[in-house]
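Engineer: coords below, sequence missing:
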């Protein structure tokens, strides 16, 4: 693999940023990059000062999926331990991103295909450019989707949309994705990072609370929990947050609104 293929990492004011840096291959994921993604996730999991994560890319394309040279090698002996290890490394990397304990945002420009779309879908929020191409891509390459691809499509858009993309090969623009609830917002490429930083402001300022809310969101939204059960899930954590805040913090300041939260 090319030595230039890597992942760049930075942490600033409670926001960790993961940048795919393999632009000559449209940021295709190499095995070394997946290892670095795992190391990044380990840092986020253990550094309690981090309250939000941004996943973006160098160049003008988000991610074209797994490196085709790895896919070709796996096609020679797909049942071999080596082939299983290669695909597991790629899929395991975005599963790690998808299970991070803090809120996550992907900044998707140019395109996201196959495993690259999986990585984008693994984040909690997708910000896209209006003309981005979001493409399942597996069918066009004559291979079955992997990494829970169909499930993630269905989680965001429902059965019909998941089938349209994974079986019929339909692709979405950024504007289409927002209209269908697949992405949060479509903004020009030069505004992606500032928009993400604005969204990250509150969780980055209170990482402890952001992690607690993310945990509750995962429990409530991924399990089909009833409303009554959700009330109980939230009860103890809200009581913890009230105790942490303390009664004096509720004292009204001159000019402050009188409504509660």
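Structural biologist: Great, that's in hand. All values reported here derive from a predicted model rather than from experimental measurement.

Engineer: can you tell me the closest non-neighbouring residue to residue 45?
Structural biologist: Distance criterion C-beta to C-beta, 6 or more residues apart in numbering; nearest residue to residue 45, sequence neighbours excluded, is residue 101 at 6.2 Å. Quick note: C-beta positions are derived from backbone N, CA and C, even for glycine.

Engineer: what's the burial count for that neighbour?
Structural biologist: Burial of residue 101, expressed as a neighbour count using other C-beta atoms under 10 Å, amounts to 20.

Engineer: and what of residue 51?
Structural biologist: Neighbour count for residue 51, taken as other C-beta under 10 Å: 26.

Engineer: pretty sure it is touching residue 205, no?
Structural biologist: Yes: assessed by C-beta atoms under 8 Å, residue 51 is found in contact with residue 205 at 7.0 Å.

Engineer: I'd assumed the residue nearest to residue 45 was in a strand, is it?
Structural biologist: No: going by DSSP: H, G, I helix; E, B strand; the rest coil, the assignment for residue 101 is coil, not a strand.

Engineer: so what pLDDT did it get?
Structural biologist: With respect to pLDDT, residue 101 has a value of 98.

Engineer: residue 91: neighbour count?
Structural biologist: Neighbourhood size, residue 91 [other C-beta under 10 Å]: 21.

Engineer: so it, which state does it fall into?
Structural biologist: Here residue 91 is recorded as helix under three-state DSSP.

Engineer: what sits against it?
Structural biologist: Residues in contact with residue 91, defined by C-beta atoms under 8 Å, 6 or more residues apart in numbering, are 115, 118, 146-148.

Engineer: rerun at 6 Å
Structural biologist: For residue 91, the contact set (C-beta atoms under 6 Å, 6 or more residues apart in numbering) comprises residue 147.

Engineer: and it, what pLDDT?
Structural biologist: Looking at residue 91, its pLDDT is 87.
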